[in-house]
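Chemist: Need the 3D shape of this:
(one chain, ligands or ions: 1)
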Amino acid sequence: MKFEVLTIFPEIIECYIKHGVLGKALNKGIVEVKVYNLRDFTSDKHKKVDDYPYGGGAGMVMQIEPFYNAIMHLKADEKPRKLVLLSPQGRKFTQKLAQKFMEESKAMVLICGRYEGIDERVKAFVDEEVSIGDYVLSGGELAALVIIDSVVRLIPGALGDELSAVEDSFMKGFLDYPHYTRPEDFKGMKVPEVLLSGDHKKIALWRKRQALKNTLKNRPDLLKNLSPEDMRILKELC
Ligand SMILES: Nc1nc2cc(Br)ccc2s1
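Modeler: Below is the predicted model of the structure:
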């Protein structure tokens, strides 16, 4: 999987991708991330990337030319790639969309805007417009990192041999179960007995109950298409 990121702050991306799961996946060659500075695709000596908005209003708007030049530069190799614009107006990014991106795209271009937004005409050159949530960030770079991180975790082999329980739970429509590790007793706060029992069937049922309880409390909107067994457990909780 290859990610190409267009941004005016390449260091934001370059710094983050060196660490953790992403760093390991890069070292294993499972994923490649190339970052392009939009200022390198400007044509003036000041490397200007923004200007005042037509029609007036606060703030600055990023100009189309650097985006256009960068996209044409990438497309010159004529390899297929999905172009994704990060934007507060985009469709909501979810675990299911992460799975879709991982399955369908060998290469993704993540286009990061800043300021009050980018010239609307850039959207003529993208495939998808995606937001990571109902809040406005200062720029698309954090959203691009969220997408890279969540998609890479889904690539077979990226997580090594540890199970990705968190992804599994989100894909099945509920939140993760609680996790504990040593010590067993921390200032009187004990690990639930069931987790010390060695009874894997009991542990699995406890974890499912806790996951459904957490989901009912914090994200009831996720509780759709539950299996009959999960529905039975949920009814016991109500
Ligand atoms: N939720 C999101 N907010 C923003 C802000 C900017 Br500026 C660019 C992309 C995104 S995605």
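Chemist: Not counting its own residues, what contacts whichever strand or helix holds Glu103?
Modeler: In this assignment (DSSP states H and E), Glu103 forms part of helix 95-104. Helix 95-104 is touched from outside by 1, 82, 91, 108, 130, 147, 150-151, 154-155, 167, 170-171, with contacts defined as CB atoms under 8 Å, 6 or more residues apart in numbering. In short, each C-beta sits where N, CA and C put it, glycine included.
Chemist: Can you select the buried ones among these for me in PyMOL?
Modeler: Command for PyMOL that selects the buried part of the contacts of helix 95-104, burial taken from 16 or more other CB atoms under 10 Å:
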select buried, resi 1+108+130+147+150+151+154+167+170
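Chemist: still on that earlier bit, looking only at pLDDT, what's the mean for the helix holding Glu103?
Modeler: The pLDDT scores in helix 95-104 average 94.
Chemist: quick one, helices of this structure?
Modeler: If DSSP state H is used as the criterion, the helices of the chain fall at 10-16, 20-28, 64-75, 95-104, 141-152, 165-172, 200-218, 228-237.
Chemist: So what touches the longest one?
Modeler: Read that as helix 200-218. With CB under 8 Å, 6+ apart, helix 200-218 has contacts from 169, 174-178, 192, 194-195, 197, 222-223, 230, 233-234, 236-238.
Chemist: List buried residues within those.
Modeler: Buried among those by 16+ other CB under 10 Å: Ser169, Phe174, Leu175, Asp176, Tyr177, Leu195, Leu222, Leu223, Asp230, Ile233, Leu234.
Chemist: Need the worst-confidence member of the residues you listed.
Modeler: Lowest in pLDDT among the buried ones among the contacts of helix 200-218 is Ser169, which has 71.
Chemist: if I pick that one, what's in contact with it?
Modeler: Leu175, Asp176, Tyr177, Ala211.
Chemist: let's see 7 Å
Modeler: Leu175, Asp176, Ala211 (CB atoms under 7 Å, 6 or more residues apart in numbering).
Chemist: Of these, which ones also sit close to the ligand?
Modeler: Counting by CB under 6 Å from any ligand atom, the subset of those that neighbours the ligand is empty.
Chemist: ok so, going back, confidence-wise, which of the helices of the chain is weakest overall?
Modeler: Minimum mean pLDDT among those: helix 165-172, a mean of 68.
Chemist: For Asp77, grab the count of nearby residues.
Modeler: 8 (other CB atoms under 10 Å).
Chemist: got it, and Ser43?
Modeler: For Ser43, using other CB under 10 Å, the count is 9.
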